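1. need the 3D shape of this:
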Amino acid sequence: HGPYDGLYGFSQGAAVVTMLSLPGMARKLGYERSWHFVVCACGVNVGWPLVEWFYDEGCAPTVVDLPSLHIIGRADPIGPLSHKLVEAYQAPTVVTHRLGHELPVALRKDARFQAQVHDFLRRAARPPTASEAAGLPRS
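-> Below is the predicted model of the structure:
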């Protein structure tokens, strides 16, 4: 039930977290959007027609107004769909790796990759409130 700092999705899961992060979507589904960033790994763009029916007449989906990190394999056969998903975000950060539709274990030891991910998380994560820092649940 949250709240969550950020959402993560791999492949089609990235499409799901993108749809959930659209402005107003959480409210339409009966909850408040509590996360502050999105990470899409090898994501695919499924297009807005799948979510347009959630919106009121005259209100169309817009871009996602949260910071996003997109991890894309340069040899991924569906890489063009990952790059298309990047366009759904207002403030995307793109990090690539040399392999395909995967998150290789070797990325744990890739200093450049690790630095880019940590830099994104440092910028995107919001600091805890005083009550959170004291161990109290978020309100």
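
2. neighbours of residue 62, how many?
-> 13 (other CB atoms under 10 Å). For the C-beta atoms, the positions are set from N, CA and C on the backbone; glycine is no exception.

3. nearest residue to it in space, ignoring adjacent ones along the chain?
-> residue 23 (6.0 Å; CB to CB, 6 or more residues apart in numbering).

4. for the one you found, helix, strand, or coil?
-> coil (DSSP: H, G, I helix; E, B strand; the rest coil).

5. wait, what's in contact with it?
-> 62, 64-65 (CB atoms under 8 Å, 6 or more residues apart in numbering).

6. model confidence score at it, please.
-> If you check residue 23, the pLDDT there is 83.

7. in the protein, which spans are strands?
-> For the chain, the strands defined by DSSP state E occupy 6-10, 37-41, 64-73, 89-97.

8. for the protein, give me the ranges with low pLDDT.
-> The chain contains residues with pLDDT under 70 at 1-2, 48-61, 126-139.

9. could you give me the buried positions within the helix ranked longest in it?
-> Criterion DSSP state H: the longest helix present in the chain is helix 111-124. Judged by neighbour count (16 or more other CB atoms under 10 Å), helix 111-124 contains these buried residues: 113, 116-117, 120, 124.

10. reformat the residues you listed as TSV; add distance to residue 107.
-> Converted to TSV, these look like this (distance: CB to CB, whole Å):
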residue	distance to residue 107
113	5
116	10
117	9
120	14
124	19
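
11. farthest-separated two in those residues?
-> 113 and 124 (16.4 Å; CB to CB).

12. so who does the most centrally placed residue in the chain touch?
-> Taking CA atoms, centre = their mean, the centroid of the chain lies closest to residue 38, which sits 2.3 Å from it. With contact taken as CB under 8 Å, 6+ apart, residue 38 is in contact with 6-9, 17-18, 21, 64, 66-69, 89.

13. span of stretch 38-46 from start to end?
-> 17 Å (CA to CA, to the nearest Å).

14. actually stretch 19-29, sorry about that
-> Taking CA to CA, the first and last residues of stretch 19-29 lie 11 Å apart.

15. no more questions from me, cheers.
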